[in-house]
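Novice: I would like to see how this sequence folds:
(one chain, ligands or ions: 1)
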Amino acid sequence: MNIKPKLVSFKLCPFVQKAVIVLRQKNIDYDIEYIDLADPADWFVKISPFGKVPLLLWDKEVIFESNVINEFLEEAFPNKLHPSDLIKRAKNRSWIEFSGPCMTHSFELSIAETKENFGDVLEVLNQRFDQLEEIINPQPYFNGTEFSMVDASYAPLFHRLHCLGELGPAMFDSARHPKITQWKNHLLQQEVVKNSTVSNFTELYRELLWKRQGYISSFLDSSLYSPVERKSHY
Ligand SMILES: N[C@@H](CCC(=O)N[C@@H](CS)C(=O)NCC(=O)O)C(=O)O
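Specialist: Numbering: from 1, shown residues only. Next comes the predicted model:
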C-alpha cells in the first residue's frame, strides 16, 4: 500500500495510544502529528467532527473515532489482530466497546475533586472490572497466545491506572481481579505497549494531573509545579 497514514494526536490521549499500538503491532509505516488540545489549531477544528483526537488522515480522507480507525487499519493492512471466527470477532468487538466507558472512568479519576469522589469512581470502575473478570481467561492475551485488538484497547487504560497507582493509591485489586491483574501485568511488559507513548509520558501526564487539580494531584510533589490559576482538562 503506498499511502502513508498520519495520526493526528495529543501526547497523553489513551484513545490515540490505542491506535498507535495497532499501527505498531501491524508494522504500518505512519506519521504522527501532535496537537495542543488546550489550544487546537484551526485546521484541526475544521476537520475533526467532535473536536477530538485521534484522527487518521488517509490521503485526502479523514477518519475519526479510535475504534473505527483501528477497524480501518485492520481491514486495510495484513497481520490480522481480530480472530477469524465470526462470533469470536463480534464478541471481541463487544469487549472493545466495553473498554470505552472504563477509559472514561480513568479520566474521571484524574479530575475527581475529593478522596470520596475518587473512591466512588474507582468503585464504579471496579464493578465494571468485576464483569470483565468473569469473562476473561488471559493466556496470556485476551484470546490466548496472540495479541489482539482487545489487548490494544485495554493496554492504554491499564497504563493510565498504573501511572495513577505509582503516585500512591492502589488502583488494581489483585484479590478481587486476579485475572485482570495478570493480564495487565503482561500487557504493560510488551514492547509494543511500552513504545506506544512519547518517551517523557510520565512527566507530561503528571503535569496534566497537576493542571487538572483533582484529588490525585495532592500526591504530586507540589514544589515541582507552578500554582494553577485555572484548572484545565488539557
Ligand atoms: N470516542 C473517542 C474519544 C476520543 C477523545 O475523547 N479524545 C480526547 C483526548 S483523550 C479529546 O480529543 N478531547 C478533546 C475535547 O473533548 O475537546 C475515540 O475513541 O476516538
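
Novice: The protein - how does it break down into domains?
Specialist: 6-76, 86-194 (automatic domain parsing).

Novice: will you turn those into TSV that also has distance to the ligand and mean neighbour count?
Specialist: Heads up, the C-betas are built off the backbone N, CA and C, glycines and all. Formatted as TSV, the domains of the chain follow (distance: least, Cβ to the nearest ligand atom, whole Å; neighbours: other Cβ atoms under 10 Å):
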stretch	distance to the ligand	mean neighbour count
domain 6-76	3	17
domain 86-194	6	17
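
Novice: I'd like these written out as JSON lines, with mean pLDDT added.
Specialist: Formatted as JSON lines, the domains of the chain follow (pLDDT from 0 to 100):
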{"stretch": "domain 6-76", "mean pLDDT": "97"}
{"stretch": "domain 86-194", "mean pLDDT": "97"}
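
Novice: contacting residues around stretch 62-77?
Specialist: Applying Cβ atoms under 8 Å, 6 or more residues apart in numbering, the contact partners of stretch 62-77 are 1, 5, 7, 15-16, 18-19, 22-23, 26, 28, 47-50, 52, 54-58, 80-82, 96-97, 100, 149, 152-153.

Novice: same deal with stretch 191-200?
Specialist: 11-12, 17, 20-21, 24-25, 147, 155-156, 159, 187-188, 204.

Novice: farthest pair in these?
Specialist: Farthest apart among the contacts of stretch 191-200 by Cβ to Cβ are Phe147 and Leu204. That separation is 26.0 Å.

Novice: Which helix or strand contains Ile28?
Specialist: Under DSSP states H and E, no helix or strand contains Ile28.

Novice: now do Glu207
Specialist: Going by DSSP H and E, Glu207 is part of helix 201-212.

Novice: For that helix, name the packing helices and strands.
Specialist: helix 86-111, helix 149-166 (3 or more Cβ pairs under 8 Å, 6 or more residues apart in numbering; DSSP states H and E).

Novice: wait, which of those helices is closest to Glu229?
Specialist: Per Cβ to Cβ, nearest to Glu229 of the helices and strands packed on helix 201-212: helix 86-111, 16.9 Å.

Novice: what about the helix holding Glu207 and the ligand, touching?
Specialist: No: contact of helix 201-212 with the ligand (Cβ under 6 Å from any ligand atom) is absent, the minimum separation being 10.3 Å.
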